[in-house]
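Q: next come a sequence and a model predicted from it.
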Amino acid sequence: MKNYIYIVVILSFIVSCASTNNIPNKKITSHATSSDTIRIANDSLEYEVIIFEPGFNSWLVTQRPRGYYAEQFLEIRNRQYVTEYNQRVGLPQQFDPNLYLQEINYQRNIRYGYEVNYLLYNYFLFLEQRYRQRFLATRG
């Protein structure tokens, strides 16, 4: 069914990112609801991530735990995934526009913290598995 995507996913993945090199230790909160909606934001709301994806929460608990990956690994992978994802957003005739709704504003000069990087990385793995997409040629 074409309505597979409930991805208003990374709905403005990063809303109004600041242009600093480092975000000071701001508390990040993650809230999950019974409808598989995950909202991640810092206290000053300089960025926000919202993932609407049925099955993501139950899938996430079957994956490697927080702390397994180094933050630097997650940042590098997320840059690669975001680049590929954004290219697909721009090619609706080649890639399903219901799957690739909107670009993700992930800036390399912003430190998003471990939680954001962990969830974003796992979201891309979820997309690969659930929708049989292949973003990167090799994965470590």
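A: That came through, no problem. Numbers count the residues shown, from 1 in each chain.
Q: which helices and strands sit right next to the top helix by length along the chain?
A: Counting residues, the longest helix found in the chain (DSSP state H) is helix 71-89. Under the contact criterion of 3 or more Cβ pairs under 8 Å, 6 or more residues apart in numbering; DSSP states H and E, the helices and strands touching helix 71-89 comprise helix 114-130. For every residue, glycine as well, the C-beta is placed using N, CA and C.
Q: isn't residue 84 up against residue 128?
A: No: contact between residue 84 and residue 128 fails when scored by Cβ atoms under 8 Å: they sit 10.7 Å apart.
Q: mutual contacts of those two, please.
A: Between them, residue 84 and residue 128 share these contacting residues under Cβ atoms under 8 Å, 6 or more residues apart in numbering: residue 135.
Q: what does the longest helix of the chain contact?
A: For helix 71-89, the surrounding residues in contact (Cβ under 8 Å, 6+ apart) are 94-95, 99-104, 106, 108, 112-114, 117-118, 120-121, 124, 135-136, 139-140.
Q: so for it, mean pLDDT?
A: The predicted model assigns helix 71-89 a mean pLDDT of 95.
Q: element containing residue 51, please.
A: Using DSSP states H and E, residue 51 sits in strand 48-52.
Q: can you give me the buried ones in that strand?
A: Of the residues in strand 48-52, those buried by neighbour count under the rule 16 or more other Cβ atoms under 10 Å are 48, 49, 50, 51, 52.
Q: make JSON lines from those and add distance to residue 78 to it.
A: Supplementary listing: those in JSON lines, determined by distance: Cβ to Cβ, whole Å:
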{"residue": "48", "distance to residue 78": "16"}
{"residue": "49", "distance to residue 78": "11"}
{"residue": "50", "distance to residue 78": "17"}
{"residue": "51", "distance to residue 78": "14"}
{"residue": "52", "distance to residue 78": "19"}
